[in-house]
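>>> quick check, what structure comes out for this input:
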Amino acid sequence: MIAATDLESKHIAAEQAARRVPADIKQEILRAVAGIEYGSVEVVIHDGKVVQIECREKIRVGRDEPTRKPAKP
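Predicted coordinates:
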């Protein structure tokens, strides 16, 4: 059984890790999320640091309406 103090220390560690993410990395993650209509964004972390942001966009086919947004410049 996990003690309450263990859970509290994990929670505190998670909050501290969240505070250490640089603003430019946070902005890149938000840009990735905003740029996808259907799909997912995966943030890869090694040793407590963001090292990669992966975007997987799903393209819906078989509809009468356009499925892709125009490419961004």
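>>> by mean pLDDT, flag the weakest helix or strand of this structure.
helix 4-19 (a mean of 73; mean pLDDT, DSSP states H and E).
>>> next structured bit after that helix?
Proceeding N to C from helix 4-19, the next assigned helix or strand is helix 23-34, under DSSP states H and E.
>>> which strands and helices sit next to that next one?
strand 39-46, strand 49-57 (3 or more Cβ pairs under 8 Å, 6 or more residues apart in numbering; DSSP states H and E). For the C-beta atoms, the positions are set from N, CA and C on the backbone; glycine is no exception.
>>> again, only this time at 6 Å
Where contact means 3 or more Cβ pairs under 6 Å, 6 or more residues apart in numbering; DSSP states H and E, helix 23-34 is packed against strand 49-57.
>>> which residues are contacting the least confident helix or strand of the chain?
Gly48 (Cβ atoms under 6 Å, 6 or more residues apart in numbering).
>>> got the CA positions of that helix in PDB?
The C-alpha coordinates for helix 4-19 follow below in PDB (Å, rounded to 0.1, in the frame of the first residue of the first chain):
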ATOM      1  CA  ALA A   4      -0.200   9.300   1.800                       C
ATOM      2  CA  THR A   5       3.200  11.000   2.200                       C
ATOM      3  CA  ASP A   6       4.500   9.100  -0.900                       C
ATOM      4  CA  LEU A   7       1.600  10.400  -2.900                       C
ATOM      5  CA  GLU A   8       2.100  13.900  -1.700                       C
ATOM      6  CA  SER A   9       5.800  13.800  -2.600                       C
ATOM      7  CA  LYS A  10       5.000  12.500  -6.100                       C
ATOM      8  CA  HIS A  11       2.400  15.200  -6.500                       C
ATOM      9  CA  ILE A  12       4.900  17.900  -5.400                       C
ATOM     10  CA  ALA A  13       7.600  16.500  -7.700                       C
ATOM     11  CA  ALA A  14       5.100  16.600 -10.600                       C
ATOM     12  CA  GLU A  15       4.200  20.200  -9.900                       C
ATOM     13  CA  GLN A  16       7.900  21.100  -9.800                       C
ATOM     14  CA  ALA A  17       8.600  19.400 -13.100                       C
ATOM     15  CA  ALA A  18       5.700  21.300 -14.700                       C
ATOM     16  CA  ARG A  19       7.200  24.500 -13.600                       C
END
